[in-house]
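> Whatever this is, show me its structure:
(2 chains)
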Protein chains: 2
Amino acid sequence: MTAPTRSTLALDIGGTKLAVGVVAPDGSVHGLRVIPTDKHEGPDAVLARLFAAGHLAIAEAGHDVGAVGISCGGPLDADTGVVMRPLNLPDWDDVPVGPLAAREFGVPAHLVNDATAGMLGEAASGAAVGARNAIYLTLSTGVGGGAVLNGLPHRGAAGNGGEFGHVMVRPFGRRCTCGRLGCLEAYASGTSIAARARDAVASATEPTVLAALDTVRAEDVVAAADAGDPLARRIWDETLDVIGQAVTDLVNTFEPDVVVLGGGVTRSGGELFDRVRRTIDATAMAPAAAAVRLERAALAPYECLVGAAVHAVTRIEETTHV
Amino acid sequence: MTAPTRSTLALDIGGTKLAVGVVAPDGSVHGLRVIPTDKHEGPDAVLARLFAAGHLAIAEAGHDVGAVGISCGGPLDADTGVVMRPLNLPDWDDVPVGPLAAREFGVPAHLVNDATAGMLGEAASGAAVGARNAIYLTLSTGVGGGAVLNGLPHRGAAGNGGEFGHVMVRPFGRRCTCGRLGCLEAYASGTSIAARARDAVASATEPTVLAALDTVRAEDVVAAADAGDPLARRIWDETLDVIGQAVTDLVNTFEPDVVVLGGGVTRSGGELFDRVRRTIDATAMAPAAAAVRLERAALAPYECLVGAAVHAVTRIEETTHV
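Numbering: from 1, shown residues only, chains lettered A, B, ... in the order given. Just a heads-up that it's a prediction; the model follows:
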């Protein structure tokens, strides 16, 4: 593998935010901009704004761009660059984002699952550098995951590289966006934390500061829990329990060197990492618990952006030099 | 990798049975013998009988044996050959099985987690030949798992290669041998199926054919469920539910090409495979479900024996030729 000499335009399509930047060969990000997804506008309008932001980023960075890397929630087809109705972008029904970006920017474009991208970014220049087996879990609008296994990015038979948001944490529990009952994502995504709090407020017989808010967001739940609000505390405790439980399952399943946690929910307070670490130590198989590091995403919140660029460069090298 | 020219003595130490055989370079098993573990006799007596059976197997096979491969339940230290108190052999407290076998047979001996061995056997000459990503789950006295990831046997940071028996299927549920509540092993091992049935019989207010048995075994539960006994049906249905749930979690997590199921519980009736397949198709992420094959262990019940030999030969090649 030769070091790339040109930069890569990286586009990260989230359910809430679009992030755009030019990633230099050394991993530094230039011309960064973050704008709301406004997903109700539909894929055409969102992509038009995403691409416009991409052109602005290139102009601002002043770099020669040789490729576009795009990260988006799955399911998607990484080979064809088609986004297949992600759970958090339900209107995006077979949208050929990769080919559209290639045409728009006149260079090869490669699409990758956003959590796979997060893992690639952290493995390339973040908290998982050098790890033989690493797990990345992002707790964001949705919950996603990626892995490096035996030293290689894990793609999986369907190319989505593992869907850690869809492990069951509460059998017969809340309905997940995937249709199954009780998935991690139905409890631990920012969306689900807020929804669970709103449901609890609606049926609460006790006073809660959350009742005064027009719209309860995940960060409101964490802040109210920290301030001692009992209802918010119960919701946040249950959230920390299921995250700890799911991470412990992943530690037992993979025996990774490192688990990297990213996404907005992990930036809501230090308590999360302490609780997850304690749950691993108390309930995982002892050798696996002793062997694993638990780390915050070092490139947060731009690990997916960096990883999308890493993915594009890697794919182009594979097709050019192999 | 050059093909080995000598055969390998393979020893499989189970919680219920000891299996011994000479595995030829072509994967065929010779001089096979299976004897009860009688684990209450303690490690010294069990190992004496195991090694005696090994000598008989070598004599019967008449092969030149160049190595010993040993599979045993984890946790264990594959590098030093020490068995570290497996959950199903609680008296085996840091027993140096590898060095003891090497001294006994005068050739190099290598120890491997039994489920890792099962995976290696199935990948070498069973249901997972050629798979880039494969998962093996054994439902036996305990529940174990192994994986081939990115084309390589997965060892994991602690060398146990993944403990699929210790994913949580019923939060706040039955106490597992590992100490955690609600693990797959606490529901789906043969031991746990029998224990759950005995508990249900003890508190049953309805008639059940299981009440007439001195000792209820897992296979009695399956037979009674097949015959329409309502209590046995409930126990077996719950067992099939948790197995389907756990396999679906593994399918979402790994996106494997193939899931191989082995162990005595899987030999109890065809219904198990049908139910697990239906659960995957109904509840796993659609691309992962579409991409995965579900297969019975093709070398059953000797996949661990074959895999222990594969492991020993591989380790010796690594240390000799690298």
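
> quick one, strands of the stretch 51-200 of chain A?
A:65-72, A:76-77, A:82-84, A:93-95, A:109-113, A:134-139, A:143-149, A:152-153 (DSSP state E, counting those that start in this stretch).

> Could you export those strands to TSV, including columns for distance to chain B and mean pLDDT?
Just so you know, the C-beta spots here come from the backbone N, C-alpha and C atoms, and that holds for glycine as well. Formatted as TSV, the strands of the stretch 51-200 of chain A follow (distance: least, C-beta to the nearest C-beta, whole Å; pLDDT from 0 to 100):
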stretch	distance to chain B	mean pLDDT
strand A:65-72	14	96
strand A:76-77	8	86
strand A:82-84	8	92
strand A:93-95	13	95
strand A:109-113	10	95
strand A:134-139	10	96
strand A:143-149	4	93
strand A:152-153	4	90
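
> Would you convert those strands into a markdown table that also reports mean neighbour count?
Formatted as a markdown table, the strands of the stretch 51-200 of chain A follow (neighbours: other C-beta atoms under 10 Å in any protein chain shown):
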| stretch | mean neighbour count |
| --- | --- |
| strand A:65-72 | 26 |
| strand A:76-77 | 24 |
| strand A:82-84 | 20 |
| strand A:93-95 | 16 |
| strand A:109-113 | 29 |
| strand A:134-139 | 31 |
| strand A:143-149 | 31 |
| strand A:152-153 | 18 |
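
> Domain map for chain A?
A:7-119+A:301-321, A:130-296 (automatic domain parsing).

> how about the ones you listed, which one is nearest residue B:76?
Nearest to residue B:76, of all the domains of chain A, is domain A:130-296, at 9.0 Å by C-beta to C-beta.

> Which residues are in contact with the closest residue to chain B within the stretch 101-250 of chain A?
Closest approach of the stretch 101-250 of chain A to chain B (C-beta to the nearest C-beta) occurs at residue A:156, with a separation of 2.6 Å. Neighbour list for residue A:156: A:162, B:133, B:254-256, B:288, B:291 [criterion: C-beta atoms under 8 Å, 6 or more residues apart in numbering or on different chains].

> same question, residue A:260
A:118-119, A:122, A:126-128, A:134-137, A:295-298.

> just the residues you listed now: which is nearest residue B:179?
residue A:135 (22.5 Å).

> Is there proximity between the longest helix along chain A and chain B?
As assigned by DSSP state H, the longest helix anywhere in chain A is helix A:230-254. Yes. Applying C-beta under 8 Å from any C-beta of the partner chain, one finds helix A:230-254 in contact with chain B at A:245, A:248-250, A:252-254.

> which residues does residue A:285 contact?
A:251-252, B:74-75, B:158, B:160, B:163, B:166, B:178.

> brain fart, residue A:118
Residue A:118 neighbours (C-beta under 8 Å, 6+ apart): A:71, A:136, A:138, A:144, A:146, A:260, A:262, A:297, A:303-304, A:307.

> Go again with 10 Å.
A:12, A:71, A:112, A:126, A:128, A:136-138, A:140, A:144-146, A:260, A:262-263, A:297, A:299-308 (C-beta atoms under 10 Å, 6 or more residues apart in numbering or on different chains).

> next one: residue A:52
A:20, A:33, A:35, A:104.

> In strands, which of these appear?
Under the assignment DSSP state E, these contribute A:20, A:33, A:35 to strands.

> Burial check on the closest residue to the first one other than its chain neighbours, number of neighbours?
In this structure, residue A:20 finds its nearest non-sequential neighbour in residue A:53, 4.3 Å apart by C-beta to C-beta, 6 or more residues apart in numbering or on different chains. Per other C-beta atoms under 10 Å in any protein chain shown, the neighbour tally for residue A:53 reads 21.

> Equivalent analysis for residue A:269, please.
Count around residue A:269 with other C-beta under 10 Å applied: 16.

> May I ask which helix or strand encompasses the nearest residue to it once chain neighbours are set aside?
In space, not counting the residues next to it along the chain, residue A:269 is nearest to residue A:222; the distance is 5.6 Å by C-beta to C-beta, 6+ apart. Secondary structure assignment for residue A:222, by DSSP states H and E: helix A:218-226.
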